[in-house]
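Q: Coordinates for the following, if possible.
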Amino acid sequence: MDYLLDNKTFYLNDYVKIDFEGDKESIKKLLQGQITSDIEESGSTYFQPSAICDVKGFVIADFFILNVNEMISLIIHNSLTTSLKAELEPMLPFYKTSLQETKISCLGYIGRKKNAGMPISFLDTKAEVSLKIDHQEEKQGNHLNFNEWKLANYLNGNIFLNHGCSKKYRPHELGYDKSRVSFNKGCFKGQEIIARVHYKSKKEINLKLNKTNETPIEQKIIGEVINYDNQFYFYTLG
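A: Down below sits the predicted model:
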């Protein structure tokens, strides 16, 4: 399957960009108390993976943060935008900010391709995964489908959520404790339970990628089952 990771482009037409409008320092204070990552560690040269949880520590939505110039933006699957807004909008008046949603062309890249997108910061693997956003779809290039993009990320240990997966998993069940959660920044929604699992759980939680030529049944499947080239790929807790 390494050929999937070799300089391929994926047109992600199911993603939107949400801009936070208002004073940037106020926006950072809002997000710092809500999201799992440390907004102070985000930057303008890469996409920071992050998520938002409920008070019980279950992941509601995952997304990527772009912190550039005077604007902070989130890139998120469109099936999760309603859930994300439901969590954030009650807080917006206290921080004098608002949300602006924009439908975008979002291109994902797999492989070490010059002038591709900005890297997703946590993926330290044999293939670089990056994103590029634009307001017009690029017509050139080898645009493959979303299923292949998801599979390429599965092979890199990254599981994306959709609406059907919302509020089903805690970060440790998705590997997000290693990629999207800061345990040093202080409180955020669900932090107490997530920290308890992280520091006090006696059982180590590991994800395992499985491949089979038969439809998997009677297993605790994490995320989605991806059917590609007559093979089924899925994660379980190892």
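Q: how about the strands in the protein?
A: For the chain, the strands defined by DSSP state E occupy 8-11, 15-21, 48-53, 59-68, 71-77, 98-103, 105-110, 118-119, 129-134, 143-144, 207-212, 221-228, 231-237.
Q: Now render these as TSV, adding mean neighbour count, distance to Y169 and mean pLDDT.
A: C-beta here means a position set from N, CA and C on the backbone, and glycine is covered the same way. Below are the strands of the chain laid out as TSV (neighbours: other CB atoms under 10 Å; distance: least, CB to CB, whole Å; pLDDT from 0 to 100):
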stretch	mean neighbour count	distance to Y169	mean pLDDT
strand 8-11	21	24	75
strand 15-21	18	21	92
strand 48-53	24	10	94
strand 59-68	22	6	93
strand 71-77	21	15	92
strand 98-103	12	25	90
strand 105-110	22	22	75
strand 118-119	16	25	72
strand 129-134	18	21	71
strand 143-144	16	27	61
strand 207-212	14	11	89
strand 221-228	17	7	88
strand 231-237	17	10	90
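Q: Same list, these, but as TSV with distance to R170 please.
A: Formatted as TSV, the strands of the chain follow (distance: least, CB to CB, whole Å):
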stretch	distance to R170
strand 8-11	28
strand 15-21	24
strand 48-53	8
strand 59-68	7
strand 71-77	19
strand 98-103	26
strand 105-110	26
strand 118-119	26
strand 129-134	24
strand 143-144	31
strand 207-212	13
strand 221-228	11
strand 231-237	11
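Q: which stretch among those strands comes nearest S201?
A: Counting by CB to CB, S201 lies closest to strand 231-237 out of those; the figure is 12.3 Å.
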